[in-house]
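Student: whatever this is, show me its structure:
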Amino acid sequence: MGNVSLYHALLHDASRLKQLWQTTQLDDFVTLMRMYLQWPDLNFELLQGFLAAQNQQPLCPELASFSLCWQPYGYQAQRRIVRLVD
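Tutor: Purely as a prediction, here's the structure:
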């Protein structure tokens, strides 16, 4: 499974997201992301670029599990974008 597929799976995994939300140190966050994405050489700079790229891609979530983790807070009608909050 590639990094993008693992990232999409992570967005639907409430227990892993909770672990990420509970981190208080950037290094701990990157370490968890390295493990979850199975990306041994992942560092902050690579993670930042990866997340920026993923945030520009459309995502069609599996709603039953996705909605346990995320809630909509806004909609941009012109761009047809839903903004989500965890």
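
Student: dihedrals phi and psi, Ala64?
Tutor: phi -60, psi -50 (degrees, to the nearest 10).

Student: could we number from 551 for the rest of this?
Tutor: Happy to do that; since the first residue is 551 now, the last one works out to Ala614.

Student: what's the burial count for it?
Tutor: Using other Cβ atoms under 10 Å, Ala614 is surrounded by 8 other residues. (C-beta placed from N, C-alpha, C; glycine too.)

Student: equivalent analysis for Leu570, please.
Tutor: If we define neighbours as other Cβ under 10 Å, then Leu570 has 15 of them.

Student: now swap in Gln588 and tell me
Tutor: Counted by other Cβ under 10 Å, the residues lying close to Gln588 total 11.

Student: for the one 10 residues further on, same thing?
Tutor: Residues contacting Gln598 under the criterion other Cβ under 10 Å number 11.

Student: what's the answer for Leu560, then?
Tutor: Leu560: 16 neighbours (other Cβ under 10 Å).

Student: distance check, it against Trp589.
Tutor: 12 Å (Cβ to Cβ, to the nearest Å).

Student: give me the common contacts of these two.
Tutor: By Cβ atoms under 8 Å, 6 or more residues apart in numbering, Leu560 and Trp589 have no common neighbours.

Student: where does the protein have low pLDDT?
Tutor: 551, 619-621, 623, 634-636 (pLDDT under 70).

Student: much appreciated, bye for now.
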